[in-house]
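Undergrad: Below is the structure, and that's it, no one-letter string:
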């Protein structure tokens, strides 16, 4: 049996102009370790388990950004569905040695994601634990086209904010803000998640559950948020990657001391406390301190 269900997020990596600087930043921030001599693609480990990778940008025109990959058992068929659903195939499937096969695509709104058909490498060896991947969501201006796209390509089932059993009824996932979070009037990348409705902002959010599951917070593997008019028109659609941490406030402060920036200050959500950060080269990511035993994060 495959380690990852069809269409589940299975890997993340970040494209950086300075790979060694990236190793220092994430090594200090998350305690990740790296093998010597990995070349331009450096696997990151936490407790000896694969959690992500850092890649040296081969072209300076490429964005400095975290990328998400979704599992597929037939990458050729997945690429065909991307085209049929109105997406763009950026890179056709190529073999990554014995590790597997990879392709890169964009949804109709322009958000880029990867497809991974596992060979010897399934993907994460650790997730939903401290300093590992725990959530992803796409931010887009074209929600109707994008919703239909992900349903067709990945078979996702959507649960919208405020629907029975959904985020608005007390379930929620990362990105869903509760009152008291952030700074008054501040609009930042990644801060337009579903809970904005609870704080007076009209924001549309949809959670994704894999095909064959009961849609809702308990089965959600990712989500879709909407980029509002409060953001510059030139801001592109993007995926936001979340990493679990033990202390959101401390991690945010540490990121700043390492040369990073805080895009959205720590704020509470139903599942804990989160912040949106940038590393010292500009790659944006989120951190989430899960709530323990139903208590709010401190």
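TA: Alright, I've got the coordinates. Quick caveat: nothing in here was measured; it's all calculated off a predicted structure. Numbers count the residues shown, from 1 in each chain.

Undergrad: which residues does the residue most central in space within the chain form a beta bridge with?
TA: What sits nearest the mean C-alpha location of the chain, by Cα atoms, centre = their mean, is residue 241, with 2.3 Å. As for beta bridges, residue 241 partners with residue 136 under DSSP bridges.

Undergrad: Any figure for the gap between the nearest residue to residue 118 once chain neighbours are set aside and residue 122?
TA: Among residues not flanking residue 118 along the chain, residue 100 sits closest, at 4.7 Å (Cβ to Cβ, 6 or more residues apart in numbering). Backbone N, C-alpha and C define where each C-beta goes, glycine included. Here the criterion is Cβ to Cβ, to the nearest Å. By it, residue 100 lies 8 Å from residue 122.

Undergrad: Neighbour count for these two, which is higher?
TA: For residue 100 versus residue 122, neighbours defined as other Cβ atoms under 10 Å are more numerous around residue 100 (22 against 17).

Undergrad: contacting residues around that one?
TA: By Cβ atoms under 8 Å, 6 or more residues apart in numbering, the contact set of residue 100 is 116-121.

Undergrad: rewinding a little: give me the pLDDT value at the residue nearest to residue 118.
TA: We have a pLDDT of 97 for residue 100.

Undergrad: from memory the residue nearest to the centre of the chain sits against residue 139, does it?
TA: No. Contact between residue 241 and residue 139 fails when scored by Cβ atoms under 8 Å: they sit 11.7 Å apart.

Undergrad: Could you measure from the nearest residue to residue 239 once chain neighbours are set aside over to residue 47?
TA: Excluding its sequence neighbours, the residue lying closest to residue 239 (Cβ to Cβ, 6+ apart) is residue 68, at 4.8 Å. Computed as Cβ to Cβ, the residue 68 to residue 47 distance reads 22 Å.

Undergrad: How far off centre is stretch 155-162?
TA: Relative to the centre of its chain, stretch 155-162 is centred 17 Å away, using Cα atoms, centre = their mean, to the nearest Å.

Undergrad: Residue 267: which of the contacts of residue 100 is nearest?
TA: Distance ranking of these against residue 267, using Cβ to Cβ, places residue 116 first at 32.0 Å.
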